[in-house]
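Chemist: What shape does this take:
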Amino acid sequence: MKVKVICRNPDEYLRETKTDLHKVPRNYDPSQHPLESVREYVRALNATKLDKVFAKPFVGNLSGHRDGVSCFGKHPNRLSTLISGAYDGEVRIWDLANRASIRSFVAHSGFVRGIAFSVDGSNLFTAGDDKTVKMWHLGNVEDTEIEEPSNTFMSRTIITGISHNIKESVFATCGEACTIWDVNRNDPLKTLKWGNDNLHAIAFNPVETTLLSACGSDRSIILYDKREAQPIRKLVLSMRSNKLSWNPMQAFNFTVANEDCNLYTFDTRQLTNPIKIHYDHVSAVTDVDYSPTGKEFVTGSYDKTIRMYDVHKSHSREIYHTKRMQRIACVAWSLDNKYVFSGSDEMNIRMWKARASEKLGVVRPRERSNFNYQNTLKEKYAAHPQIKRIARHRQVPKHVLNAQKKMNAIKQKEKEKEANIRAHSKPGTKPFVGEKKKLIIKED
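Modeler: Residues are numbered from 1 along each chain as shown. Modelled structure (predicted):
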């Protein structure tokens, strides 16, 4: 007689802990699991609540500056190195692993307006109010001696910003005009100007490396190509933009931080209206920086809060604040996509987790698979009212809450006024104008 026997490998049933607990075979037939969706919903709800329980975003602070922090520089090759500049002209190099300053020197007499790194990260460029750009050779970062700059570039006008090309030994500065410099020459290669107004922020595109853009004091955003003899495009908004950041993964998209408490994401191929308007701040937005994935960005504002946005969403997913933190002057997102840095007026640099409830340190495989399973459930049931309410709720400072109520009331009254004017006017004389269309005043 022939007997067929099912043979299975017992290693497939033993858990990773090598105990006597065995895996149970599962039947994936939906008819056998009528309560599966109910169980998944409860697990998603519990995972959302646990995110609130374990949300401890503040990692630590870096103290040592004697004046407000004005700008950041991220080292392209060393994740543990951060450069900061202050209002008193001091530049400090920080070791993030030990949260200590490993070198400090006075670079300029006046504000440090910008910090940039060379392509290989061996040289540091600082721009200040003393009309100079200084190049510092980093070498060994543990060397604490105060050194002299390896080169100094003299400008005829005050420099308010600097950005270095990530592929060539070329950097750009802004002030009364956009100036292109070569590292090996002390005279500028090119000066690009459009109008008589000053520029206060400049940024090279990290993908299309010949393209750069600047924010002007006449509420304009100007696009340049360093190969051209003149600027390419100019866009005038209703209010002034303070900072600009390019998306590192989408070459044509950039986001500007505006004085009207909002941020605007534009596509350079179609500048007639922004792709998305990002709300929630209640005071002027001072700085913006993208994550290395290009999916999110962090912002700092005069309302003493830091917010993180999804590129495709109008409202922030996270808000960070402390009682002692004052007006935010600069923000930065680390290149490993795990941390966010903020510099404020009270001489402090704060280090935050990019995801408030993320576990730091070693994560074991079973723990990681559990986190992935919970994240999948949260995404699956994200639209459920109860889960959505818990996930979106944030405690905000009292002055921010009161300002939000006031701004919402003003917006509602303006909408009602426009609707009444339109209702009591001749048809077609007062057409409806969307928020995106109101923003753009002129495009050249």
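
Chemist: in stretch 364-382, what's buried?
Modeler: 374, 377, 378, 381 (16 or more other Cβ atoms under 10 Å). Glycine gets a C-beta too; all of them are placed from N, C-alpha and C.

Chemist: Tell me which helix or strand the third one sits in.
Modeler: In the assignment (DSSP states H and E), residue 378 maps to helix 365-380.

Chemist: Export that helix to CSV, keeping only CA atoms.
Modeler: Presented in CSV, the C-alpha positions along helix 365-380 are these (Å, rounded to 0.1, in the frame of the first residue of the first chain):
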residue,chain,number,x,y,z
PRO,A,365,13.9,42.6,12.6
ARG,A,366,10.7,41.6,14.4
GLU,A,367,10.3,45.0,15.8
ARG,A,368,10.8,46.6,12.4
SER,A,369,8.3,44.3,10.8
ASN,A,370,5.8,45.3,13.5
PHE,A,371,6.4,49.0,12.9
ASN,A,372,5.9,48.4,9.1
TYR,A,373,2.7,46.6,9.8
GLN,A,374,1.3,49.4,12.0
ASN,A,375,2.3,52.0,9.5
THR,A,376,0.4,50.1,6.8
LEU,A,377,-2.7,49.8,8.9
LYS,A,378,-2.5,53.6,9.7
GLU,A,379,-2.4,54.4,6.0
LYS,A,380,-5.2,52.0,5.3
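
Chemist: helices or strands up against that helix?
Modeler: helix 36-53 (3 or more Cβ pairs under 8 Å, 6 or more residues apart in numbering; DSSP states H and E).

Chemist: And the contacts of the helix it packs on?
Modeler: 30, 356-357, 374-375, 377-378, 380-381, 384, 386-387, 390-391 (Cβ atoms under 8 Å, 6 or more residues apart in numbering).

Chemist: just to revisit the earlier point, which residues are in contact with the helix holding residue 378?
Modeler: By Cβ under 8 Å, 6+ apart, helix 365-380 touches 16, 40, 43, 44, 47, 48, 50, 51, 359, 363, 387, 391.

Chemist: Can you select the buried ones from those residues in PyMOL?
Modeler: Entered in PyMOL, the line below selects the buried ones among the contacts of helix 365-380, by 16+ other Cβ under 10 Å:
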select buried, resi 44+47+48+51+387+391
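
Chemist: Of the contacts of helix 365-380, which is the nearest to residue 219?
Modeler: Lowest distance from residue 219 to the contacts of helix 365-380 (Cβ to Cβ) belongs to residue 391, with 36.2 Å.

Chemist: Let me see the contact set for that closest one.
Modeler: Applying Cβ under 8 Å, 6+ apart, the residues near residue 391 are 48, 51, 378, 382.

Chemist: Surely it is within a strand?
Modeler: No. Looking at residue 391 with DSSP: H, G, I helix; E, B strand; the rest coil, it is helix, so not inside a strand.

Chemist: I'd like to know how far it sits from residue 89.
Modeler: Taking Cβ to Cβ, to the nearest Å as the measure, residue 391 falls 44 Å from residue 89.

Chemist: Give me the residues contacting the helix or strand hosting residue 265.
Modeler: Secondary structure assigned from DSSP H and E places residue 265 in strand 263-267. Outside strand 263-267, the residues that touch it by Cβ under 8 Å, 6+ apart are 221, 235, 237, 252-258, 274-278, 281, 285, 288, 299, 309, 311, 439.
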